[in-house]
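A.B. asks: how does the following fold in three dimensions:
(2 chains)
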Amino acid sequence: MLPGTIAFGLAFGALCAQKNFTLAEVQVMMAFVYGGLSQFVAVQSWPDTLTMSSIATLALLTTTVNIRFSLMSASLRPWFGTLPAWQSYPSMLLVTDGGWLAATRYRNHGGADASFFVGGGILLYVIWFLSSVPGYLIAGQLTDPKKYGVDLIMPAFYAAMLVPAWKGPRLAIPWLVAGIVALTVHWLMPGWWFIITGALSGAISAGLMDEPATQDEGQPA
Amino acid sequence: MSDLVRSDVMIAFAVMMVVTVASRLGGFWLMGYVNITPRVRRMLDALPGSIIIAAALPVAVNGGPVVLFAIAAAVATTIIRRNEFVAVITGMLVAALARAIGFSG
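C.D. replies: Presented below is the predicted three-dimensional model:
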């Protein structure tokens, strides 16, 4: 996923240059916000003047995009919960889509070494931080990132990550639920609520399903 | 623009950082109070696919044919090659080609 991260950072650097952010500002954002999708969404809708209310709007936008990280770190609890808090909580700061998906796959294949997630996370962080600089500097040449399909890095990356998660049609029922809810919420509500509502619906539907096949339980266990 | 960093922009970034850090730490913290029953286990196991679908499907559906082509190409490539890098590059190439020959989106 490193190339995907680099391409994403390049595109973000270029976008920021077009929106008249300074390079120092971009790097502060890369280092401290560290949420690629939320940075994109925020910069694309950046207000002309920052007021209390426009900052609050940005905060809400960021929350709706990034609240999915709480689901990811929640899923790491059974793995990282055995570590002391001074190790586990800082590790959670490294949660990203790619890093988490890779760690989840590693875990499903029997891996148990927390340093796989932490080491990979630190590497992704450093690569991410550096990747925006060339994007910012060459922004003049990249007048239309869409021409090179740069805007499709994220969807293509997500689609690719979905394939190894496929464990047969029965376990894809939550995917169907997640997709239907996300599409419905996207259609009914402005903003980015569709990510968290869709993801939660998928997880909840998986919890309501019985263990492999057989009859309904009729009551919550 | 002559400033290295503008202070109002830094305030906005700080607020964005706070909500993002809270998201990352909050889920892990809350799960400390939840027993990992088989049911909870199933919910956690369903998260990767659910998050991906929920984040990407509405974007794909609203993106028009180019996005759908790119995603189909990325999925097909992953099934054949099991390599995300090749898949992402293939998806970008397909999108660039589709746009070059006149598809919108």
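
A.B. asks: for chain A, what spans make up the helices?
C.D. replies: A:2-18, A:23-32, A:36-44, A:52-66, A:68-75, A:77-80, A:85-92, A:97-108, A:114-137, A:153-165, A:173-188, A:193-208 (DSSP state H).

A.B. asks: averaging pLDDT over each of these, which comes out lowest?
C.D. replies: Per-segment mean pLDDT for the helices of chain A reaches its minimum on helix A:153-165, at a mean of 80.

A.B. asks: which parts of chain A belong to which domain?
C.D. replies: A:2-165, A:166-216 (automatic domain parsing).

A.B. asks: can you give me the end-to-end distance of the first one?
C.D. replies: Using CA to CA, to the nearest Å, the gap from the first to the last residue of domain A:2-165 comes to 19 Å.

A.B. asks: just how off-centre is it within its chain?
C.D. replies: Counting by CA atoms, centre = their mean, to the nearest Å, domain A:2-165 is centred 6 Å from the centre of its parent chain.

A.B. asks: quick one: the nearest residue to residue A:91 once chain neighbours are set aside from chain B, how far?
C.D. replies: Of all residues not flanking residue A:91 in the chain, residue A:118 sits nearest, at 5.3 Å (CB to CB, 6 or more residues apart in numbering or on different chains). For the C-beta atoms, the positions are set from N, CA and C on the backbone; glycine is no exception. Per CB to the nearest CB, to the nearest Å, residue A:118 is found 14 Å from chain B.

A.B. asks: touching, residue A:118 and residue A:92? I think so.
C.D. replies: No. Between residue A:118 and residue A:92 there is no contact under CB atoms under 8 Å: 10.3 Å.

A.B. asks: quick one, which of these two is more surrounded?
C.D. replies: residue A:92 (25 against 18; other CB atoms under 10 Å in any protein chain shown).

A.B. asks: who's in contact with the more buried one?
C.D. replies: Residues near residue A:92 by CB atoms under 8 Å, 6 or more residues apart in numbering or on different chains: A:73, A:76, A:80, B:24-25, B:27-28.

A.B. asks: what about residue B:62, which helix or strand?
C.D. replies: helix B:47-63 (DSSP states H and E).

A.B. asks: which neighbouring elements make contact with the longest helix along chain B?
C.D. replies: For chain B, the longest helix by residue count, based on DSSP H, is helix B:7-31. Packing partners of helix B:7-31 (3 or more CB pairs under 8 Å, 6 or more residues apart in numbering or on different chains; DSSP states H and E): helix A:23-32, helix A:36-44, helix A:52-66, helix A:68-75, helix A:77-80, helix A:85-92.

A.B. asks: among these, which is the most enclosed?
C.D. replies: Compared across the helices and strands packed on helix B:7-31, helix A:68-75 shows the largest average neighbour count, a mean of 26 (mean count of other CB atoms under 10 Å in any protein chain shown).

A.B. asks: excluding chain neighbours, what is closest to residue 31?
C.D. replies: Since no chain was named, I'll use chain A. Per CB to CB, 6+ apart, closest to residue A:31 is residue A:129, 5.7 Å.

A.B. asks: let's do chain B instead
C.D. replies: Nearest to residue B:31 is residue A:77, by CB to CB, 6+ apart, at 3.6 Å.

A.B. asks: my read is that that neighbour contacts residue B:35, right?
C.D. replies: No. Look at residue A:77 against residue B:35 with CB under 8 Å: they stay out of range, at 11.0 Å.

A.B. asks: re earlier: the longest helix of chain B: which residues count as buried?
C.D. replies: B:9, B:12-13, B:15-17, B:19-29, B:31 (16 or more other CB atoms under 10 Å in any protein chain shown).

A.B. asks: then stretch B:82-90?
C.D. replies: Result for stretch B:82-90 [16+ other CB under 10 Å]: buried residues B:84-90.

A.B. asks: within reach of chain A, which of those residues are there?
C.D. replies: B:84-85, B:87-90 (CB under 8 Å from any CB of the partner chain).

A.B. asks: reformat these as TSV; add secondary structure and pLDDT.
C.D. replies: Shown next, in TSV, are those (DSSP: H, G, I helix; E, B strand; the rest coil; pLDDT from 0 to 100):
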residue	secondary structure	pLDDT
B:84	helix	77
B:85	helix	77
B:87	helix	87
B:88	helix	84
B:89	helix	85
B:90	helix	91
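
A.B. asks: which one of the residues you listed is nearest residue A:30?
C.D. replies: residue B:88 (20.2 Å; CB to CB).

A.B. asks: sorry, back to before: could I get the ones next to chain A among the buried residues of stretch B:82-90 as JSON lines with distance to residue B:70?
C.D. replies: Below are these laid out as JSON lines (distance: CB to CB, whole Å):
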{"residue": "B:84", "distance to residue B:70": "14"}
{"residue": "B:85", "distance to residue B:70": "15"}
{"residue": "B:87", "distance to residue B:70": "10"}
{"residue": "B:88", "distance to residue B:70": "9"}
{"residue": "B:89", "distance to residue B:70": "11"}
{"residue": "B:90", "distance to residue B:70": "8"}
